[in-house]
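In: coords please:
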Amino acid sequence: MATRDDAIRIALAMPEVEVGQAWGTTDYRVRNKLFLAFTVPDRATLKLDPAFAELLIASDPETYIPHRGFFGSSGWVRAAFEQVDVDTLRELIEQSWCNVVPVRVRNAWLEMSEKFE
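Out: Numbers count the residues shown, from 1 in each chain. Sure thing, here's the model as predicted:
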């Protein structure tokens, strides 16, 4: 089971992450582009590729819930902490971060990550 603290630790380990505020809660951004928020206390809200988000939601609708309205249709998903492990949460946060970070930063990070695998 993952926790909010796990999500924060993972997010802050990514390059160029800044802490911000939206919807009355702390969020995590790169160059003011949001990639992780906690709009619901027991879930991480993540910006995923819309097609991938649809697959997650269809495969496990209790764990992955689309965000309301436009945000949900553009790939924003809420993942339940109780139902994802830390490795899965890390992968989701990394994907969300990759969706907002500049390509140059993403490519450098991916290249560096491959060296440690």
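
In: Show me where this protein has its helices.
Out: Ranges of helices in the chain, per DSSP state H, are 4-12, 50-59, 69-73, 86-98, 103-115.

In: buried ones in the second one?
Out: Neighbour-count burial for helix 50-59, counted by 16 or more other Cβ atoms under 10 Å, picks out 53-54, 56-57. Just so you know, the C-beta spots here come from the backbone N, C-alpha and C atoms, and that holds for glycine as well.

In: so which of the helices of the chain comes closest to Leu36?
Out: helix 4-12 (5.1 Å; Cβ to Cβ).

In: buried stuff in the strand ranked longest in the chain?
Out: Ranked by residue count under DSSP state E, the longest strand found in the chain is strand 33-40. Neighbour counts over strand 33-40 (16+ other Cβ under 10 Å) mark 34-39 as buried.

In: Would you mind saying which of the helices of the chain lies nearest Thr26?
Out: Closest to Thr26 of the helices of the chain, according to Cβ to Cβ: helix 4-12, at 8.3 Å.
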